[in-house]
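Q: quick check, what structure comes out for this input:
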Amino acid sequence: MNTRAAVLCATAVVLAGTVTAVPAGAAPVPAAAAQAAKLTWKKCATTDQPTLQCASLKVPLDHDDPGGEKITLALSRVPHTAKTYQGPLLVNPGGPGGRGLSLAGFVASSLPKAVAAQYDVIGFDPRGVGKSTPALDCAPGHFRPVRPDSVPAGEAVEEANLKRARSFAEACGRKYARVLPYIDTVSAVRDMDAIRAATGAPKLNYFGYSYGTYLGAVYAKLYPRRVRRLVLDSVVDPTGVWYDDNLTQDLAFNDRHRALMAWIARYDATYRLGGDPEKVEAKWYAMRAALARKPAGGKVGAAELEDTFLPGGYYDGYWPHLAKAFAAYVNDKKADPLVQAYKNFAAVDASGDNGYSVYASVQCRDAFWPRDWDTWRADNWRTYRKAPFMAWNNAWYNAPCAFWPTRSRGPVNITNGDLPPVLLFQATNDAATPYEGGATVHTLLHGSSLVVEQGGGNHGITLSGNNCLDKHLAAYLTDGTVPRGTGAVDATCKALPDPKPLTGKVASPAAHGSVLHGLLGFRG
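A: Predicted coordinates for the structure are as follows:
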């Protein structure tokens, strides 16, 4: 999911000139693009971002009907200050459904000052998201606790979960029948090109995380001659969009959850859950079984426990908080820390309802999904036997696609040999976008460079404290320099060390987690 709770919330272009022609096979350019709307930037400064500006841009709901109904995109910008100006840098946090307005300020303040000063760093809420209108919310309260156990051990539990998935899809169809055919990656990419045109830039610089890497790769496919710089961090495997990618995620998340169990075992003196990772893991599943029978605080059942620990698969900075709640429940029979962890890491607010509505709309429209539930059942039980942590939870999260009211359009083949140098970043143990995705895109985007964080397990790795990675990013954004290796990987950086247990009184997880991982959110 892109937006969990408030504490966790989820390109740069060169200006001037005329619009270049779209290559053969690329998306047609709306006739209106030649007279692109101009952006009117207004101050919307915050304490953290005193120079932040905001604007809105009207784009066609259907880009093939440029004179038809319009929707509005919400944009943010930290303007350049240097004499050397490299244009706007469009940034995206992933999702689908991730809010991007806050990411502009984060990127602008996290890059070296001399680099950020050369760009107008622009964030945007994609169509359907956040402050863009219309903003989707198919079924408010869809994740209200306590949900049915995610593991369908009996027919009644499976039917209860199926009913939830089917009702969500039907609600989206009732509320947004006119809009759903245009909530998809290709439409969002054409919005990006409208943003480019509105800035007056002939080419686009782009920096995307997670699903934002697929967004960037599809933009590059449709508009290869309009790409100037392209940074993709934590790369989606475009050959598995989206059903197969979700099954692959399950295996990787299970490995990452076991890494958390091993970390807890290493600090047995702190957590008193045992020094054997397998025994710690057994206690976790025993806790899950107990919560399935009696939810903690009437809020945290088995499914909610999985939701609470899922963020640990994205960012190890959350491990100490999760371990502390786990230990309190098992050792001291205290439910309150677990309930608080759920509120901090998993509870879904209205923003999360919006994010999930767009997530489902894009994923279900983007790609072909099995419509026969027997296929889902067989595939997910097979995966569950290898990777029980998130297999069924992830299945139900995506299950509305089995009943989606809008037909699928099929994924985009992003293979591309017409681009300037592209820079990719990938951690070897990333769960949300497993390593194979980065390796695959490296081969599909000819001439790209792949920088690997060896042993890293976090999702979203640049601008998160690893100086080695950030030096490659800064060099590329400064003058287009990319590393060139002789093998499958062009450069390798050591992973950051694992976190330590918490010491002293901690006010909130936000004080200790990376701001980036709060902006990126989960499920994207």
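Q: hey, let's count contacts and neighbours off CA atoms from now on
A: Noted.
Q: tell me which residues in the helix or strand of the chain with the lowest mean pLDDT are buried?
A: Scoring the helices and strands of the chain by mean pLDDT, DSSP states H and E places helix 515-520 at the bottom, with a mean of 91. In terms of neighbour count (16 or more other C-alpha atoms under 10 Å), helix 515-520 has its buried residues at 515-520.
Q: same check, this time on stretch 369-377
A: Neighbour-count burial for stretch 369-377 [16+ other C-alpha under 10 Å]: 369, 376.
Q: ok, now stretch 478-489?
A: Buried positions in stretch 478-489, judged by neighbour count with 16+ other C-alpha under 10 Å: 478, 480, 482-483.
Q: show me which pair in the buried residues of helix 515-520 is furthest apart.
A: Greatest spacing in those, by C-alpha to C-alpha: V515 and L520 (8.8 Å).
Q: mind giving me the packing neighbours of the least confident helix or strand of the chain?
A: Using 3 or more C-alpha pairs under 8 Å, 6 or more residues apart in numbering; DSSP states H and E, the elements in contact with helix 515-520 are helix 101-110.
Q: for the helix it packs on, give the mean pLDDT please.
A: Here helix 101-110 scores 97 as its mean pLDDT.
Q: Provide the contact partners of that helix at residue level.
A: 10, 49, 52, 74-78, 91-93, 116-117, 121-125, 463, 516, 519 (C-alpha atoms under 8 Å, 6 or more residues apart in numbering).
Q: go on, stretch 468-488?
A: 111-112, 115, 229, 421-423, 425, 439, 449-451, 453, 461-463, 490-491, 493-494.
Q: let me see the mean pLDDT of that stretch.
A: Here stretch 468-488 scores 97 as its mean pLDDT.
Q: start and end of it, how far apart?
A: Using C-alpha to C-alpha, to the nearest Å, one end of stretch 468-488 lies 19 Å from the other.
Q: before we move on, back to that, distance to V241 added to the buried residues of helix 515-520, as CSV?
A: Formatted as CSV, those follow (distance: C-alpha to C-alpha, whole Å):
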residue, distance to V241
V515, 28
L516, 25
H517, 23
G518, 25
L519, 23
L520, 20
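Q: one step back: now the contacts of stretch 468-488: which count as buried?
A: Among these, those classed as buried by 16+ other C-alpha under 10 Å are 111, 115, 229, 421-423, 425, 439, 449-451, 453, 461-463, 490-491, 493.
Q: skipping adjacent residues, who's closest to V91 in space?
A: Nearest non-adjacent residue to V91, counting by C-alpha to C-alpha, 6 or more residues apart in numbering: F207, 4.8 Å away.
Q: from the chain's centroid, how far away is the least confident helix or strand of the chain?
A: Mean-position distance between helix 515-520 and its chain equals 10 Å (C-alpha atoms, centre = their mean, to the nearest Å).
Q: ok so, going back, part of a helix, is the residue nearest to V91?
A: No: looking at F207 with DSSP: H, G, I helix; E, B strand; the rest coil, it is strand, so not inside a helix.
Q: my read: it touches L232, true?
A: Yes: with contacts counted by C-alpha atoms under 8 Å, F207 reaches L232, the gap being 6.1 Å.
Q: got any residues that touch both of the two?
A: The contact sets of F207 and L232 overlap at G216 (C-alpha under 8 Å, 6+ apart).
Q: those two: which has the busier surroundings?
A: A count of neighbours by other C-alpha atoms under 10 Å puts L232 above the other of F207 and L232, at 28 against 24.
Q: what about the more buried one, which helix or strand?
A: Applying DSSP states H and E as the criterion places L232 in strand 227-233.
Q: from the buried residues of helix 515-520, pick the one nearest W376.
A: Taking C-alpha to C-alpha as the measure, W376 sits nearest to L520 out of the buried residues of helix 515-520, at 28.0 Å.
Q: so what's K334 up against?
A: K334 makes contacts with A328, as judged by C-alpha under 8 Å, 6+ apart.
Q: sorry, wrong one. I was asking about P126.
A: 73-74, 97-100, 132, 188.
Q: over to V241?
A: 366-367, 411.
Q: how does it look with 10 Å?
A: Shown in contact with V241 (C-alpha atoms under 10 Å, 6 or more residues apart in numbering): 214, 363, 366-369, 410-412.
Q: one more: T503?
A: P320.
Q: next one: C493
A: Applying C-alpha under 10 Å, 6+ apart to C493 gives the contacts 427, 451-456, 466-469, 472.
Q: got it, and Q454?
A: Contacts of Q454 by C-alpha under 10 Å, 6+ apart are 426-429, 491-496.
Q: buried residues in the top helix by length along the chain?
A: Longest helix in the chain by number of residues (criterion: DSSP state H): helix 243-266. Buried positions in helix 243-266, judged by neighbour count with 16+ other C-alpha under 10 Å: 243, 245-266.
Q: continuing past the helix or strand that Y329 is a member of, what's the next helix or strand?
A: Y329 belongs to helix 319-332 when elements are defined using DSSP H and E. Sequence-wise, the next helix or strand downstream of helix 319-332 (DSSP H and E) is helix 336-345.
Q: that following helix relative to helix 319-332, how many degrees between them?
A: Helix 336-345 runs at 150 degrees relative to helix 319-332, counting by axes from the mean of the first three to the mean of the last three C-alpha atoms, to 10 degrees.
Q: can you offset everything so residue one is 463?
A: Sure thing, new numbering starts at 463, so read that last one as helix 798-807.
Q: send over helix 798-807 as PDB, restricted to the C-alpha atoms.
A: What follows is helix 798-807 as a C-alpha-only set of coordinates in PDB (Å, rounded to 0.1, in the frame of the first residue of the first chain):
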ATOM      1  CA  ASP A 798      -1.100  -2.300  24.100                       C
ATOM      2  CA  PRO A 799       2.300  -2.000  22.400                       C
ATOM      3  CA  LEU A 800       1.100  -4.300  19.600                       C
ATOM      4  CA  VAL A 801      -2.000  -2.200  19.100                       C
ATOM      5  CA  GLN A 802       0.100   1.000  19.100                       C
ATOM      6  CA  ALA A 803       2.400  -0.600  16.500                       C
ATOM      7  CA  TYR A 804      -0.600  -1.400  14.400                       C
ATOM      8  CA  LYS A 805      -1.800   2.200  14.600                       C
ATOM      9  CA  ASN A 806       1.700   3.500  13.700                       C
ATOM     10  CA  PHE A 807       2.500   1.100  10.900                       C
END
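Q: quick one: mean pLDDT over that helix.
A: On average, helix 798-807 scores 97.
Q: what's downstream of that helix, the next helix or strand?
A: helix 812-828.
Q: ok, for P607, nearest residue in space, not its chain neighbours?
A: In this structure, P607 finds its nearest non-sequential neighbour in K761, 5.4 Å apart by C-alpha to C-alpha, 6+ apart.
Q: what is the burial count for that neighbour?
A: 20.
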